[in-house]
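Student: sharing a sequence plus its predicted fold:
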Amino acid sequence: MSQHSARVVLVAGPSGSGKSYIASRTGLPILCLDDFYKNLGDPSLPWRGAAIDWDSPDAWDGDAAMAAIEELAKTGTAEVPAYSISANRAIGNRTVTIGDSHLFIAEGIFAAEIAQWCQELGLLATAYALHRPRLVTFVRRLTRDLREHRKSAGVLIRRGVTLYHTDREVLARQIELGCVPATGRQIRRAISNMPA
């Protein structure tokens, strides 16, 4: 096993706020934390009424995400699930590599949940909570979800309205967990100024 030494930049933010887009614009290797959602049928999945609550951190496998981050930081490569949002399960695996980079991004709505953990292990470069105006996030999220056929249109519209009203709470929790609130431009500028 080759030895590597890298640190992670966590990018959290409400669903649809543009985390993947901002991460892709930095030029750094990316670990998509959405790939660590639990599979449909997992008995530990949380429920809200008669439906699974996919917006709860309990719907996500933080232990597996942390294992991948540690592996990437120490060896430069990690095998991760390839998760299908529309199928609600992993449909395979894929290999993530970060090459010679000593920084990489881990982005996803639950990134803040592991910020303290990364800090304690000495793996955290910094953590951000991406924020945009709520209406912009609503439109971005709905456009993306419809384009990717994540669920039926009716489900996506109802979910979008619900998330519109909870985006501020999501952002507040991410800040409370140690993320710095920032716009996409601020995140990109800060990352470009980090020592490689």
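Tutor: Arrived safely.

Student: stretch 95-103: end-to-end distance?
Tutor: The first and final residues of stretch 95-103 sit 17 Å from each other (C-alpha to C-alpha, to the nearest Å).

Student: buried residues in it?
Tutor: 96, 98, 101, 102, 103 (16 or more other C-beta atoms under 10 Å). Where you see a C-beta, it was placed from the backbone N, CA and C, and this is true even at glycine.

Student: next: stretch 187-195.
Tutor: Applying a neighbour-count criterion of 16+ other C-beta under 10 Å, one finds 187, 188, 190, 191 buried in stretch 187-195.

Student: next: stretch 107-125.
Tutor: Neighbour count says stretch 107-125 has 107-115, 117-118, 123-125 buried, by 16+ other C-beta under 10 Å.

Student: beyond the lowest-mean-pLDDT helix or strand in the chain, next helix or strand please.
Tutor: For the chain, the helix or strand with the lowest mean confidence is helix 134-147, at a mean of 78 (criterion: mean pLDDT, DSSP states H and E). Downstream of helix 134-147, the first helix or strand assigned by DSSP states H and E is helix 153-176.

Student: got the angle between that following helix and helix 134-147?
Tutor: Computed by axes from the mean of the first three to the mean of the last three C-alpha atoms, to 10 degrees, the angle separating helix 153-176 from helix 134-147 equals 130 degrees.

Student: next, the buried residues of helix 153-176.
Tutor: Within helix 153-176, the residues that count as buried by 16+ other C-beta under 10 Å are 156, 159, 160, 163, 164, 167, 170, 171, 173, 174, 175.

Student: quick check, nearest of those residues to residue 78?
Tutor: Top of the list for closeness to residue 78, among the buried residues of helix 153-176 and by C-beta to C-beta, is residue 174 at 23.7 Å.

Student: for the closest one, give its distance to residue 69.
Tutor: Distance from residue 174 to residue 69, counting by C-beta to C-beta, to the nearest Å: 17 Å.

Student: about what we covered before: which two in the buried residues of stretch 187-195 are spaced the farthest apart?
Tutor: Maximum pairwise distance among these (C-beta to C-beta): 7.4 Å, between 188 and 190.

Student: how distant is the helix or strand residue 189 falls within from the center of its chain?
Tutor: Taking DSSP H and E as the definition, one finds residue 189 inside helix 184-192. Using C-alpha atoms, centre = their mean, to the nearest Å, we find the averaged C-alpha position of helix 184-192 to lie 17 Å away from the chain's own average C-alpha position.
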